[in-house]
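Asker: Build me a structure from this.
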Amino acid sequence: MASASPLEWRLQISGIILILGLLVEGLCLLGRGPIAFILFVGLGGFLFVVGILLYLYSLVSVKGEPSKE
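Answerer: Numbers count the residues shown, from 1 in each chain. Here you go, the predicted structure:
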């Protein structure tokens with residue numbers, strides 16, 4: 001579902017990135033060994049942090065833009 005608001009679009013993207021990070025971390029918990037841990041911390045943590053930062057940035061940056069309502 002496409003949204004017209006830039007805030008909603010950015011929040012959707014950050015939510016998708018967060019979900020991908022959680023999926024990677026959940027799948028890595030099923031694995032054993034050092035490679036699973038490296039993927040858990042590296043890729044899963046990276047996606048999780050990027051999703052959180054994009055969420056926070058979208059809240060701060062859209063605040064200055066005028067509303068079209």
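Asker: any idea which element residue 14 lies in?
Answerer: According to DSSP states H and E, residue 14 maps onto helix 6-30.
Asker: Follow the chain on from that helix and name the next helix or strand.
Answerer: That would be, after helix 6-30 and using DSSP H and E, helix 34-39.
Asker: Next up, the contacts around the most centrally placed residue in the chain.
Answerer: Centroid check for the chain by CA atoms, centre = their mean gives residue 51 as the closest residue, at 2.3 Å. Neighbouring residues of residue 51 by CB atoms under 8 Å, 6 or more residues apart in numbering: 14, 15, 16, 17, 18, 20, 21. For every residue, glycine as well, the C-beta is placed using N, CA and C.
Asker: Please apply the same query to residue 15.
Answerer: 51, 55.
Asker: and it, how far is that from residue 53?
Answerer: Residue 15 sits 13 Å away from residue 53, going by CB to CB, to the nearest Å.
Asker: Can you select the buried ones from the contacts of residue 51 in ChimeraX?
Answerer: In ChimeraX syntax, the buried subset of the contacts of residue 51 is picked out as below (16 or more other CB atoms under 10 Å):
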select :14,17,18,20,21
